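K.L.:
Sharing a model that was predicted from the sequence below.
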Amino acid sequence: MSRLRIYGIARTRAFRAIWIAKELGIDYEHIPIEIGEAGAKKTEYLAVNPNGRLPAIDDDGFVLWESLAITLYLAKKHGIGRLYPATLEAEARTWQWSLWALNEVDRGVNIWSLHAVRLPPEDRNPDKLAEALKVLVAPLRVLDREFAERPYLLGDEFTVADLNVAAVISRAIEMDMPETPNVARWLRRCLERSAAREARRLRAESDAASPPDAIRLIARINRL
């Protein structure tokens, strides 16, 4: 039996934990808990993550939640010098970009995705969609400049810094990005990796199996 358990349906931010596990070749048990009262708010899961949020992991008794804390932990445990940088400075850049992604683009991409693609057409709000696109302009330009002279955030090789930022904005793969072509090319490179394709396949299956009310619940719980 695997020593690593990943909690959370693949449609959620558990996608990020699944991607890093596949990238590192870690055997894991996936426990596809749903959001809300149907899963993440149940007593059994609250014992794992008292916030009632997804994902969480149990790594041979070590419990951790917050998706990018999970990716950083697993990458450092299993991929130092490969997916996880070996120098202090590169490690700091990894933290920088991971925190940047959560603070600058995570919410905007989620709002865009819901109101452009995922919610039933009758529930989509064009004003929220327009505002999300407006909010994303400046940070995506910042990211675009990073790829003017190098293919990945830390240099020539893909690392957990790229995985974290690409995972956060992964649903933007369906977004038109004429003003940030470097971001568009980099995101496609990241999401075409074999581990990313497999994680995306699981997420697509989860998306397809989710009833409209489940997507509405996402928007409501997260005020998107």
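P.N.:
Nice, thanks for sending it over.
K.L.:
For Ala184, list the residues it contacts.
P.N.:
When contacts are counted by C-beta atoms under 8 Å, 6 or more residues apart in numbering, Ala184 touches Met177. Yep, even glycine has a C-beta here, placed from its N, CA and C like the rest.
K.L.:
Equivalent analysis for Arg189, please.
P.N.:
Per C-beta under 8 Å, 6+ apart, neighbours of Arg189: Pro151, Phe158.
K.L.:
isn't there a helix covering it?
P.N.:
Yes: Arg189: assigned to a helix according to DSSP: H, G, I helix; E, B strand; the rest coil.
K.L.:
Can you give me the pLDDT of it?
P.N.:
What the model reports as pLDDT for Arg189 is 97.
K.L.:
Phi first, then psi, for Glu29.
P.N.:
phi -110, psi 120 (degrees, to the nearest 10).
K.L.:
same thing with Leu54?
P.N.:
Here is the backbone geometry of Leu54 (degrees, to the nearest 10): phi -120, psi 150.
K.L.:
Map the structural domains onto the sequence of this protein.
P.N.:
4-81, 88-196 (automatic domain parsing).
K.L.:
can you list the ones you listed in a markdown table and add distance to Ile215?
P.N.:
As requested, the domains of the chain are exported to a markdown table (distance: least, C-beta to C-beta, whole Å):
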| stretch | distance to Ile215 |
| --- | --- |
| domain 4-81 | 9 |
| domain 88-196 | 5 |
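K.L.:
right, and those - which one's nearest Asp207?
P.N.:
If you check each of these against Asp207 by C-beta to C-beta, domain 4-81 wins as the nearest, at 5.4 Å.
K.L.:
And the helices in this structure?
P.N.:
Using DSSP state H, the helices of the chain run over 14-24, 43-46, 67-79, 88-100, 106-113, 126-146, 160-168, 181-191, 194-209, 212-221.
K.L.:
where's the last one relative to the chain centroid, distance-wise?
P.N.:
So the one you mean is helix 212-221. 18 Å (C-alpha atoms, centre = their mean, to the nearest Å).
K.L.:
buried ones in it?
P.N.:
Ala214, Ile215, Leu217, Ile218, Ala219 (16 or more other C-beta atoms under 10 Å).
K.L.:
Kindly report the same for the second one.
P.N.:
Using 16+ other C-beta under 10 Å as the test for burial, helix 43-46 gives Tyr45.
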